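>>> build me a model from this:
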Amino acid sequence: MRIALSGSTGHLGAVVLQLLVEKGFEVNVLQHKKALAFSHPALRLFTGDLNHAESLLSFTSSCDVLIHCAAKISINSNSDASVYETNVKGTQNLVKAAQQNKVKRFIYLSSIHAYEQSPAHLPLNENSPYCTPAAPQYDKSKRDAQQFVLAQNSPNFETLVLNPTAIVGPPDFMPSLMGKAILDLLHKKVPMLVQGGFDFCDVRDVAQAVVAAISKGKPGNSYLLSGKYYTLSDMYRLLSKQGNIKNKLAVIPIQLAYVGLPFITAFAKLTKQQALYTRESLHTLKHGNRHISCAKAQNELGYHCRDFEQTLSDTLVWMKQQNLV
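Purely as a prediction, here's the structure:
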């Protein structure tokens, strides 16, 4: 069986690629700008761009399954039109190329942000409503791409969608946004924490679910891949314990963080660095759901998410091995 994989240089895509090779699959790999973390005889490399439909035809040729991990992730998507263009139009281009080449199954990696998170204290599952028009542009891009993919499901072109929460864990070569946040905390570059938190899942467990979806899962369905909700202060407490960090950080109310947003943005522009937080990241921290169910993925894909403390511990070990800390 030959698999086509997009997003192979991203956090999740790189782990999925390694797992596919370990399981003996032949893989067509779509490369855009960055190089792969490793090479292997089972890999066939194709240069392409999601926004250029013609470049995707050779990549999807002679494949049985396509796994679409590529996406533009942003915590400032409301001011970046390319986020919606890449995540929605790019996905549509890839679906059409796959259909033209008679790919049998299309697995799309969406996000938990495709769904409305509020009320945060009530359970969220695959039957929950999609995010509203007031949601950040990134959230809406994942929603619209997900709806498009599911609408294409047919007996000759099976589609499935996977919705992970905040992905953490090794390896994390870029590093990812979460990986960079952990490094910043370890290097004491973060002056304070903000109230709120995320549901965290392990990249290795998500990758296992992705590969399981090649042969498992009901066509036309979506599957939430969650772990457990932690506040930023709880996450930092665990990280401090495992990383032997003595530095204590104040936790400010999220309302105060909104007040300071113009100053944070101005300082980031002045120093040409990424902002400590944005309006979108504050929105996510404030409205992140505390009870995201992965029961469907557990039952139908065999999904399991390891303990978050283990994920952090393994992440620290890997970062030390890479001389990042």
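>>> G227 contacts T165, doesn't it?
Yes. Using CB atoms under 8 Å, G227 is in contact with T165, at 6.2 Å. All C-beta spots, glycine's among them, are computed from the backbone N, C-alpha and C.
>>> name the residues contacting each of the two.
Shared contacts of G227 and T165 (CB atoms under 8 Å, 6 or more residues apart in numbering): 199-201.
>>> got JSON lines for those, with pLDDT too?
Formatted as JSON lines, the shared contacts of G227 and T165 follow (pLDDT from 0 to 100):
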{"residue": "D199", "pLDDT": "96"}
{"residue": "F200", "pLDDT": "97"}
{"residue": "C201", "pLDDT": "97"}
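>>> keep only those of those residues that are in strands.
Among the shared contacts of G227 and T165, DSSP state E puts 199-201 in strands.
>>> low pLDDT regions in the stretch 1-150 of the chain?
75-79 (pLDDT under 70).
>>> could you rerun that using 50?
The model of the stretch 1-150 of the chain has no residue with pLDDT under 50.
>>> quick one: the helices in it, in order.
11-22, 57-60, 81-84, 90-100, 137-151 (DSSP state H, counting those that start in this stretch).
>>> what is the second one packed up against?
In this case it means helix 57-60. strand 2-6, strand 26-31, helix 90-100 (3 or more CB pairs under 8 Å, 6 or more residues apart in numbering; DSSP states H and E).
>>> the longest one now?
Secondary-structure packing of helix 137-151 (3+ CB pairs under 8 Å, 6+ apart): helix 81-84, helix 90-100, strand 105-109, strand 158-164, strand 221-225.
>>> roughly how far is the second one from the heart of the chain?
Pointing back at helix 90-100 there. 20 Å (CA atoms, centre = their mean, to the nearest Å).
>>> next, the angle from that helix to strand 158-164.
150 degrees (axes from the mean of the first three to the mean of the last three CA atoms, to 10 degrees).
>>> which one of the helices of the stretch 1-150 of the chain lies nearest to L36?
Of all the helices of the stretch 1-150 of the chain, it is helix 11-22 that lies closest to L36, at 7.4 Å by CB to CB.
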